[in-house]
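1. Take a look and give me a structure for this.
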Amino acid sequence: MGGIRMSKKEFIKEILKKLNQGMTFEEAKNELVKTIGSIESEELFQIEQEIINEGVSTDEIKRFCNVHALLFEGMFENKITDIDNTSHPINLFKAENREIEKRVDLIRKSLEEKNFVEVKKILEQLYQLKLHYDKKEQILFAYLEKKGFYGPSKVMWGKDNDIREMLKNAIDNFSESTQYIDKYLTPFLDEVISMVFKEENILFPTTIEKFSQKEWVEVFKQMANAGFVFITPPQEAFEVLDIEKKNVHLSFEDGYVKLPTGKLSLRELNFLLDSLPIDITFIDRDDKVKYFSNSNDRIFLRTPSIIGREVRNCHPPQSLDAVNKVIEDLKNGVKKSHDFWINMKGHLIYIRYFPVRDEFDNFLGILEVTEDVTEIKKLEGEKRLV
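-> Numbers count the residues shown, from 1 in each chain. Below is the predicted model:
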């Protein structure tokens with residue numbers, strides 16, 4: 001086993017060299033899959049750790065993560081896009097539906113037994129079906145719309161919202177009366193089962209017909225990131241999340257900043273940051289101010305003169321001990337955040353500090369977020385978009 005693993009490691013290192021010499025990622029993927037074939041994810045992580053231990057550069061490690069992702073994806077595509085495989089996204093959606101049906105059946109059985117404690121318990125569990133609907137609406141509908149197919153998002157989304165509202169009413173108005181069962185509970189349960197039928201006989205067959213192999217891979221990745229309802233996530237989900245975390249692609253091309261979740265022009269990015277309903281300031285790993293947002297109604301004054309200034313010099317001497325503690329705690333991972341709040345001219349100001357780390361958990365700096373929460377504290381009840 002050791003000899004086999006070593007040969008795989010040497011081959012992967014050879015691919016890294018070829019990438020440096022101009023080989024495309026697609027060519028690298030084809031060669032990896034052809035030569036190595038199948039490799040356990042744990043074994044791949046061991047090879048990665050060995051290469052890191054050999055003292056390779058950060059850039060080289062990042063290239064390895066790209067190779068890791070390519071190799072994994074080459075094997076992953078065939079598995080995830082096989083409709084007969086339990087890890088295919090549609091089969092995961094169906095597995096969630098089976099669990100939803102079980103809970104509906106348990107509620108009906110508990111009603112027959114007049115076990116209302118159990119009815120309420122399972123009804124509250126069904127609150128999770130909202131995530132099932134969210135994934136359908138935000139992932140499946142989005143890919144269908146890209147193909148000019150808007151039917152499901154126009155009709156089914158409306159029914160999903162009806163079910164969400166029915167669930168809320170069933171929980172909020174819970175009682176043991178016949179009137180409650182007839183008005184709130186039974187209609188809700190019937191609609192949930194009806195939606196399962198619509199998904200599996202209309203929506204899912206449509207996606208199977210229209211989605212490409214590459215799109216199914218993306219659907220699975222996004223489902224893994226969103227989470228699963230009532231089912232144990234497949235092992236591939238954990239592997240995907242780990243790969244995605246370590247395989248962050250950032251670039252600047254044709255005037256656009258390309259990020260993992262979209263791309264923005266510099267102009268859009270600048271005004272987007274300045275439009276945030278919060279003030280942000282970024283202090284780099286050397287404890288120097290590197291950036292601040294510049295909205296018209298900033299809470300605390302910031303001027304370009306502070307760029308490059310040591311952050312400790314931006315605070316009065318009385319605050320120095322507190323500033324040092326925040327910096328050290330966040331830099332060393334002692335705390336995930338620090339927060340403070342003050343009253344200023346009749347407003348409650350909330351100030352938070354967060355560590356910023358890269359995909360390898362390297363410390364990059366500290367983000368300060370300042371927000372006027374005066375009006376937020378007054379909020380009560382609900383104000384919905386619809």
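
2. From here on, just use CA atoms for contacts and neighbour counts.
-> Fine.

3. Which residues belonging to stretch 84-102 are considered buried?
-> Using 16 or more other CA atoms under 10 Å as the test for burial, stretch 84-102 gives 87-90, 92-97, 99-101.

4. before we move on, what SS does D286 have?
-> At D286 the chain is in coil, as set by DSSP: H, G, I helix; E, B strand; the rest coil.

5. Just give the nearest non-adjacent residue to it, would you?
-> Nearest residue to D286 in three dimensions, chain neighbours excluded: G365, at 7.6 Å (CA to CA, 6 or more residues apart in numbering).

6. And I280, by the same measure?
-> Nearest to I280 is V369, by CA to CA, 6+ apart, at 4.7 Å.

7. check which helix or strand covers that neighbour.
-> Element membership for V369 (DSSP states H and E) is strand 363-372.

8. Using CSV, write down the CA coordinates of that strand.
-> C-alpha atoms of strand 363-372 as CSV (Å, rounded to 0.1, in the frame of the first residue of the first chain):
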residue,chain,number,x,y,z
PHE,A,363,-4.9,34.9,9.9
LEU,A,364,-5.4,37.8,7.5
GLY,A,365,-6.6,40.5,9.8
ILE,A,366,-9.5,41.8,11.8
LEU,A,367,-12.9,43.2,10.6
GLU,A,368,-14.6,45.9,12.7
VAL,A,369,-18.3,46.2,12.2
THR,A,370,-20.2,49.1,13.7
GLU,A,371,-24.0,49.4,13.6
ASP,A,372,-26.7,51.7,14.9
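
9. Tell me how far it lies from the chain's centre.
-> The chain centre lies 21 Å from the centre of strand 363-372; the measure is CA atoms, centre = their mean, to the nearest Å.

10. With stretch 179-190 instead?
-> Offset of stretch 179-190 from its chain centre (CA atoms, centre = their mean): 35 Å.

11. one step back: looks like the residue nearest to I280 contacts I278 (just checking).
-> Yes - between V369 and I278 there is a contact at 6.5 Å, judged by CA atoms under 8 Å.

12. The two - which one has more neighbours?
-> Taking other CA atoms under 10 Å, V369 and I278 do not tie; I278 has more neighbours (20 against 16).

13. pretty sure that one contacts L367?
-> No - applying CA under 8 Å, one finds I278 not in contact with L367, separated by 11.9 Å.

14. Could you tell me which residues touch both of those two?
-> Residues touching both I278 and L367 (CA atoms under 8 Å, 6 or more residues apart in numbering): none.

15. What is the host helix or strand of K154 packed up against?
-> Assigned by DSSP H and E, K154 belongs to helix 151-172. Judged by 3 or more CA pairs under 8 Å, 6 or more residues apart in numbering; DSSP states H and E, the packing partners of helix 151-172 are helix 116-125, helix 186-198.

16. Quick one: residues in contact with the first one.
-> Okay, so that is helix 116-125. So helix 116-125 is contacted by 103, 106-107, 110-111, 171, 174, 176 (CA under 8 Å, 6+ apart).

17. relative orientation of that helix and helix 151-172 in degrees?
-> Here the directions of helix 116-125 and helix 151-172 differ by 140 degrees (axes from the mean of the first three to the mean of the last three CA atoms, to 10 degrees).

18. Geometric centre of this structure: which residue is closest?
-> Among the residues of the chain, the one closest to the centroid is N225, at 4.5 Å (CA atoms, centre = their mean).

19. Who are the contact partners of it?
-> For N225, the contact set (CA under 8 Å, 6+ apart) comprises 237, 241.

20. And the helix or strand hosting it, how far out from the chain middle?
-> Secondary structure from DSSP H and E places N225 in helix 213-226. Helix 213-226 sits 12 Å away from the centroid of its parent chain (CA atoms, centre = their mean).

21. So for that helix, what gets flagged as buried?
-> Residues of helix 213-226 classed as buried: 216-224 (neighbour count, 16+ other CA under 10 Å).

22. Tell me the one of those nearest T35?
-> T35 lies nearest to V217 out of these, by CA to CA, at 22.3 Å.

23. Just the closest of the buried residues of stretch 84-102 to K290, please.
-> Closest approach to K290 among these (CA to CA): P89, at 42.6 Å.

24. quick one on the thing from earlier: show me what the strand holding V369 is packed up against.
-> Short answer (3+ CA pairs under 8 Å, 6+ apart): strand 363-372 packs on strand 279-284, helix 320-331, strand 347-357.

25. Now D361: which helix or strand?
-> Here D361, judged by DSSP H and E, is contained in no helix and no strand.

26. Give me the distance between it and F188.
-> Noted for D361: a distance of 45 Å to F188, by CA to CA, to the nearest Å.

27. who has more neighbours, the two?
-> F188 (23 against 9).

28. where does the more buried one land on pLDDT?
-> If you check F188, the pLDDT there is 97.

29. The residue nearest to it when sequence neighbours are not counted: how many residues sit nearby?
-> With sequence-adjacent residues excluded and distances taken as CA to CA, 6+ apart, F188 is closest to M166, at 5.7 Å. M166: 20 surrounding residues under other CA under 10 Å.
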